[in-house]
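Trainee: All I have is the shape, not the residue letters:
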(Lines give C-alpha, C1' and ligand atoms only; values in the text may rest on other atoms or scores of the structure.)
Protein backbone atom coordinates (compact mmCIF):
# COMPACT_ATOMS: atom_id res chain seq x y z
CA UNK A 1 0.00 0.00 0.00
CA UNK A 2 1.20 3.49 -0.83
CA UNK A 3 -0.61 6.70 0.05
CA UNK A 4 0.59 9.98 -1.42
CA UNK A 5 0.34 13.22 0.52
CA UNK A 6 -2.40 14.44 -1.80
CA UNK A 7 -4.45 11.28 -1.03
CA UNK A 8 -4.77 12.22 2.65
CA UNK A 9 -7.46 14.77 3.49
CA UNK A 10 -7.85 16.91 6.56
CA UNK A 11 -11.07 17.32 8.50
CA UNK A 12 -11.71 20.54 10.40
CA UNK A 13 -12.97 19.99 13.93
CA UNK A 14 -14.52 22.91 15.82
CA UNK A 15 -13.95 23.04 19.59
CA UNK A 16 -12.29 19.59 19.62
CA UNK A 17 -13.04 17.90 22.96
CA UNK A 18 -14.22 21.27 24.29
CA UNK A 19 -11.09 23.10 23.14
CA UNK A 20 -10.76 26.59 21.69
CA UNK A 21 -11.17 27.37 17.99
CA UNK A 22 -10.77 24.79 15.25
CA UNK A 23 -8.12 22.20 14.50
CA UNK A 24 -7.29 20.14 11.43
CA UNK A 25 -7.11 16.38 11.85
CA UNK A 26 -6.28 13.57 9.48
CA UNK A 27 -5.89 9.81 9.75
CA UNK A 28 -3.04 8.22 7.84
CA UNK A 29 -4.52 4.72 8.10
CA UNK A 30 -8.06 3.36 8.29
CA UNK A 31 -9.51 0.80 10.73
CA UNK A 32 -8.87 -1.84 8.08
CA UNK A 33 -5.10 -1.33 8.24
CA UNK A 34 -4.91 -0.80 12.01
CA UNK A 35 -7.14 -3.82 12.79
CA UNK A 36 -7.56 -4.17 16.55
CA UNK A 37 -4.31 -2.50 17.58
CA UNK A 38 -5.02 1.19 17.13
CA UNK A 39 -7.79 3.72 16.74
CA UNK A 40 -5.82 6.62 15.24
CA UNK A 41 -2.51 7.19 13.51
CA UNK A 42 -2.63 10.70 12.15
CA UNK A 43 -1.66 14.33 12.22
CA UNK A 44 -3.26 17.17 14.13
CA UNK A 45 -2.65 20.82 13.27
CA UNK A 46 -3.58 23.35 15.94
CA UNK A 47 -3.45 27.02 14.88
CA UNK A 48 -2.16 29.71 17.29
CA UNK A 49 -4.57 30.32 20.19
CA UNK A 50 -6.51 27.11 19.55
CA UNK A 51 -6.53 23.90 21.58
CA UNK A 52 -7.52 20.25 21.75
CA UNK A 53 -9.49 20.12 24.99
CA UNK A 54 -8.70 17.99 28.02
CA UNK A 55 -10.13 14.47 27.78
CA UNK A 56 -9.68 11.11 29.49
CA UNK A 57 -8.79 7.87 27.70
CA UNK A 58 -10.41 4.59 28.70
CA UNK A 59 -9.17 1.23 27.39
CA UNK A 60 -6.57 3.00 25.23
CA UNK A 61 -3.54 5.26 25.46
CA UNK A 62 -2.44 8.13 23.24
CA UNK A 63 0.98 9.43 22.22
CA UNK A 64 1.67 12.85 20.72
CA UNK A 65 4.92 13.55 18.89
CA UNK A 66 5.43 17.27 18.33
CA UNK A 67 6.63 18.04 14.80
CA UNK A 68 6.54 21.86 14.87
CA UNK A 69 5.44 24.75 17.04
CA UNK A 70 5.00 25.27 20.78
CA UNK A 71 2.28 24.05 23.07
CA UNK A 72 1.11 23.82 26.65
CA UNK A 73 0.42 20.15 27.36
CA UNK A 74 -1.90 19.19 30.23
CA UNK A 75 -0.80 15.77 31.50
CA UNK A 76 -3.49 14.62 33.92
CA UNK A 77 -3.54 18.07 35.55
CA UNK A 78 0.18 18.90 35.34
CA UNK A 79 1.17 21.34 32.60
CA UNK A 80 4.36 21.24 30.51
CA UNK A 81 5.59 23.39 27.64
CA UNK A 82 6.25 21.17 24.62
CA UNK A 83 8.10 21.83 21.36
CA UNK A 84 9.28 20.09 18.21
CA UNK A 85 10.93 16.76 19.01
CA UNK A 86 9.04 16.19 22.29
CA UNK A 87 6.79 13.15 22.79
CA UNK A 88 4.00 12.70 25.33
CA UNK A 89 2.02 9.62 26.33
CA UNK A 90 -1.28 9.32 28.20
CA UNK A 91 -2.21 5.88 29.43
CA UNK A 92 -5.66 4.41 29.92
CA UNK A 93 -7.55 6.04 32.78
CA UNK A 94 -5.61 9.29 32.48
CA UNK A 95 -6.34 12.54 30.67
CA UNK A 96 -4.61 15.14 28.58
CA UNK A 97 -5.11 18.21 26.39
CA UNK A 98 -2.91 20.60 24.44
CA UNK A 99 -3.02 24.29 23.51
CA UNK A 100 -0.97 26.14 20.92
CA UNK A 101 0.89 28.91 22.80
CA UNK A 102 3.12 29.88 19.88
CA UNK A 103 2.66 32.10 16.85
CA UNK A 104 2.83 29.33 14.24
CA UNK A 105 0.84 26.11 13.78
CA UNK A 106 1.41 23.38 16.34
CA UNK A 107 1.81 20.14 14.35
CA UNK A 108 1.44 16.79 16.09
CA UNK A 109 1.56 13.14 15.09
CA UNK A 110 -1.07 11.31 17.19
CA UNK A 111 -1.23 7.57 17.86
CA UNK A 112 -4.02 5.95 19.86
CA UNK A 113 -3.17 2.40 20.96
CA UNK A 114 -5.97 0.12 22.16
CA UNK A 115 -5.53 -1.86 25.40
CA UNK A 116 -5.50 -5.60 24.87
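Mentor: Sure, I can see it. Bear in mind the structure is a predicted one, so any value in this text is a computation, not a measurement.
Trainee: how about the helices in the protein?
Mentor: 31-34 (DSSP state H).
Trainee: Where does pLDDT dip in the protein?
Mentor: Within the chain, the set of residues satisfying pLDDT under 70 is empty.
Trainee: how about the strands in it?
Mentor: 11-14, 22-27, 38-46, 51-56, 60-68, 70-75, 78-83, 87-90, 95-100, 106-114 (DSSP state E).
Trainee: packing partners for the second one?
Mentor: It refers to strand 22-27. strand 11-14, strand 38-46 (3 or more C-beta pairs under 8 Å, 6 or more residues apart in numbering; DSSP states H and E). Using the backbone N, CA and C atoms, a C-beta is placed for each residue, glycine as well.
Trainee: Please find the angle between the direction vectors of it and strand 51-56.
Mentor: Strand 22-27 and strand 51-56 meet at an angle of 60 degrees, taking axes from the mean of the first three to the mean of the last three C-alpha atoms, to 10 degrees as the criterion.
Trainee: Buried ones in strand 22-27, by neighbour count?
Mentor: Judged by neighbour count (16 or more other C-beta atoms under 10 Å), strand 22-27 contains these buried residues: 23, 24, 25, 27.
Trainee: Save those residues as a markdown table, and put in distance to residue 116 too.
Mentor: A markdown table is the format used below for these (distance: C-beta to C-beta, whole Å):
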| residue | distance to residue 116 |
| --- | --- |
| 23 | 29 |
| 24 | 30 |
| 25 | 25 |
| 27 | 21 |
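Trainee: list the buried ones in stretch 6-18?
Mentor: So stretch 6-18, judged by 16+ other C-beta under 10 Å, has buried residues residue 16.
Trainee: switch to numbering from 14
Mentor: Taking 14 as the first residue, the last one we looked at is stretch 19-31.
Trainee: Could you check how far it is from the centre of its chain?
Mentor: 11 Å (C-alpha atoms, centre = their mean, to the nearest Å).
Trainee: May I have the distance across it, first residue to last?
Mentor: 29 Å (C-alpha to C-alpha, to the nearest Å).
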